[in-house]
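In: need a 3D model of the following:
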Amino acid sequence: MNSYDTLMLTAKAADDKRAEDILALDMKGLSSFADYFVICHGNSDKQVQAIAREIKEKALENQVDVKRLEGFDAAQWILIDLGDVIIHVFHKEERSYYNLEKLWGDAPLVDVSAAFIS
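Out: As a prediction, this is how the structure comes out:
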């Protein structure tokens, strides 16, 4: 599975658990460690954990190696490292505070809406 396919897989998994404001950034040329960042949020600790769990499960089902998962117990900012795709699942307030979209404002947006069509 290439990095774009992994990106779309993770966007669909996040959407399946009702993640909000799913955003994908094309990090190629800006980052030496990932092709894409996915940023999304949930409105409760349980929802944030459910989003992260679904992404992890779908990755493993599709033989995508989950290299690292951090922050699951606290459920404020969960980072999932799939190698070329890094997913940031935030609690709503944490997303506003850290504002990664602004930090990586030079990164082009990737349209992942096709992943949401079942």
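In: where does the residue nearest the centre of the chain land in three-state SS?
Out: For the chain, the residue nearest the mean C-alpha position is Ile87 (2.8 Å; Cα atoms, centre = their mean). Here Ile87 is recorded as strand under DSSP: H, G, I helix; E, B strand; the rest coil.
In: does it really touch Gly71, like I thought?
Out: No - the pair Ile87 / Gly71 is not scored as a contact, 11.3 Å apart, by Cβ atoms under 8 Å. (Glycine included, C-beta is placed from N, CA and C.)
In: now the common contact residues for these two.
Out: Common contact partners of Ile87 and Gly71 (Cβ atoms under 8 Å, 6 or more residues apart in numbering): Leu79.
In: sec struct for the spatially closest residue to Leu30 that is not a sequence neighbour, please.
Out: The shortest distance from Leu30 to any non-neighbouring residue, by Cβ to Cβ, 6 or more residues apart in numbering, is to Ala107 (5.5 Å). Using three-state DSSP, the structure places Ala107 in coil.
In: how about the helices of the protein, start to end?
Out: With DSSP state H as the criterion, the chain has helices at 3-16, 45-61, 92-98, 100-103.
In: which elements pack onto the shortest one?
Out: This points to helix 100-103. On a contact count with 3 or more Cβ pairs under 8 Å, 6 or more residues apart in numbering; DSSP states H and E, helix 100-103 meets strand 36-42.
In: partner strands of the strand it packs on, with direction?
Out: If you go by DSSP bridges, strand 36-42 pairs up with strand 20-26 (antiparallel), strand 85-91 (parallel).
In: kindly reformat the ones you listed as TSV containing mean pLDDT.
Out: Formatted as TSV, the strands paired with strand 36-42 follow (pLDDT from 0 to 100):
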stretch	mean pLDDT
strand 20-26	96
strand 85-91	98
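In: deepest-packed of those strands, please.
Out: Compared across the strands paired with strand 36-42, strand 85-91 shows the largest average neighbour count, a mean of 25 (mean count of other Cβ atoms under 10 Å).
In: now that one: how far from the chain's centre is it?
Out: Computed by Cα atoms, centre = their mean, to the nearest Å, the chain-centroid distance of strand 85-91 equals 4 Å.
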